[in-house]
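[1] Show me the folded form of this:
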Amino acid sequence: MRYLTSGETHGEALVAIIEGLPSNLFIDLDFINNELKRRQSGYGRGGRMSIESDVVHILGGVRNNLTIGAPLSILIRNLDYENWKGKDVPRVTRPRPGHADLSGAIKYDLKDMRDVLERASARETAARVSVGAVAKLLLKNFGIVVKSDILEIGGERDREKWPALIDEAKNEGDTLGGVIEITIDGVPIGLGSHVQWDRKLDALLSYSVMSVQAIKGVEIGMGFMSARQKGSSVHDEIFYDGHFYRKTNNAGGIEGGISNGMPIVLRAYMKPIPTLRKPLTSVDIDSKEEVKATYERSDVTAVEAAAVVLEAVCAWTIADEVTKKFSGDSLHDMIENFNMYMKRVEKY
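    Predicted coordinates for the structure are as follows:
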C-alpha cells in the first residue's frame, strides 16, 4: 500500500489518497472522525483547536461504506481557511530556529517563508491520522491493536504535575516536548524480513515515527538502555509450552527485523515546538540583520496530539506489512491467507 497527502495549514483543505487497500473493507466514518477529534485534544493546545472540527469526506474508492479496490480519496476541510481567504498576509522573513523555515526557503528558492511553513506545519498530520484510522480498521480484522501512552512531558513523569508545568511554560512564552510510548498488540510472528535492509520491520517503523513533525528520536524495546547492559540481561530467553514464548520483551517484539509474536513496543522523543511566544534570536533574510524570530499562532505542547499521530503512522506501517504478508485483492482473501498462515505457525 502507499499514500500521499496534499494541502497547507491555511489552505482550503487537506487531501489524502490511499492506494492498495483490499476490497470489502468497512469504512467506519464515525471511527475515523473520532480519531481526528482525539488528535485535536490535549492540555496545552493553541487557539486553532477552537476553530477546527475535523471531519472526513470520502471522495472515491468506497461504495455502500465498503472499499471497492480502487484508490481511496479523503478530504478534510480547513475551517480556518475562511479567516485567511482574500487577506493580504504579510511575508515571513524571520526564520524560527528549529523549524523548516530557513532551510526550506533556501532549498526551494522562496522569498516568503510562509510558503514553507504552510506545508511543514503539523496541521498536515490531520491527513495522516485519517489514513492511519483506515489502517486501524484494516488491522482490526486481524486482531491487531495500536495504542499509545505518554510517559513524560517537559521531562516530568508525574502526570498530576503536567498541567502546572504547561501553564508555567505558557506564562514564560515557552514550549514543551515529551516522550510517547506506542504498543502494538496482536502482531503475528513474521512481519518484516531479515533479507534486505529496507524490509526490516524495526527500520520501517522507525522511519515512520521519525517522519512525524518534531520527533527527534526513537527506540524499540529496551532501546538505548541495551547499549549499557550485558547481553545476558538484554536478550529475551526462549521457552516452549506447546508454543514458543518469552518471559521478557526487551527486544520490543522485533528480532532481526522480523516480528516475533510479542507486543511491539517503541518510544518516540518529541522536541518542544519551535514556535515561541518569546521568540529566539534569528536573522532577517532580507536585511541580514539580527532580529527575533517570527511568532505564529501555536501550541504550548502537542504531545497528546502527537501520540495519536504516532499511532496512525505505526498502524499504517503494520497494515502495509500485513497486506504484503497476506496479500489478496479482497479482505476475504487476506483473512483466509492469514488463517492458513496462523495454522502453520501453531504447528511449528
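[2] Could you tell me which residues make contact with residue 279?
    Residues near residue 279 by C-beta atoms under 8 Å, 6 or more residues apart in numbering: 94, 96, 292, 293, 294, 295. Heads up, the C-betas are built off the backbone N, CA and C, glycines and all.
[3] Going by distance to residue 325, which of the residues you listed wins?
    residue 96 (42.3 Å; C-beta to C-beta).
[4] Any buried residues in whatever helix or strand residue 37 lives in, and which?
    Per DSSP states H and E: residue 37 is located in helix 29-39. Residues of helix 29-39 classed as buried: 32, 33, 35, 36, 38, 39 (neighbour count, 16 or more other C-beta atoms under 10 Å).
[5] quick one, helices of the stretch 101-250 of the chain?
    101-108, 114-120, 125-140, 162-171, 201-210 (DSSP state H, counting those that start in this stretch).
[6] any chance of those in CSV, with mean neighbour count too?
    What follows is the helices of the stretch 101-250 of the chain, written out as CSV (neighbours: other C-beta atoms under 10 Å):
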stretch, mean neighbour count
helix 101-108, 16
helix 114-120, 19
helix 125-140, 25
helix 162-171, 16
helix 201-210, 20
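[7] For residue 22, which of the ones you listed is the nearest?
    helix 125-140 (7.7 Å).
[8] Off-centre distance for the closest one?
    10 Å (C-alpha atoms, centre = their mean, to the nearest Å).
[9] Please give me every residue in contact with the nearest residue to residue 81 once chain neighbours are set aside.
    In space, not counting the residues next to it along the chain, residue 81 is nearest to residue 12; the distance is 5.1 Å by C-beta to C-beta, 6 or more residues apart in numbering. For residue 12, the contact set (C-beta under 8 Å, 6+ apart) comprises 77, 78, 81.
[10] Just list whatever residues bridge to residue 265.
    residue 183 (DSSP bridges).
[11] Can you tell me how far the nearest residue to residue 100 once chain neighbours are set aside is from residue 191?
    Nearest non-adjacent residue to residue 100, counting by C-beta to C-beta, 6+ apart: residue 120, 3.9 Å away. Counting by C-beta to C-beta, to the nearest Å, the gap between residue 120 and residue 191 amounts to 31 Å.
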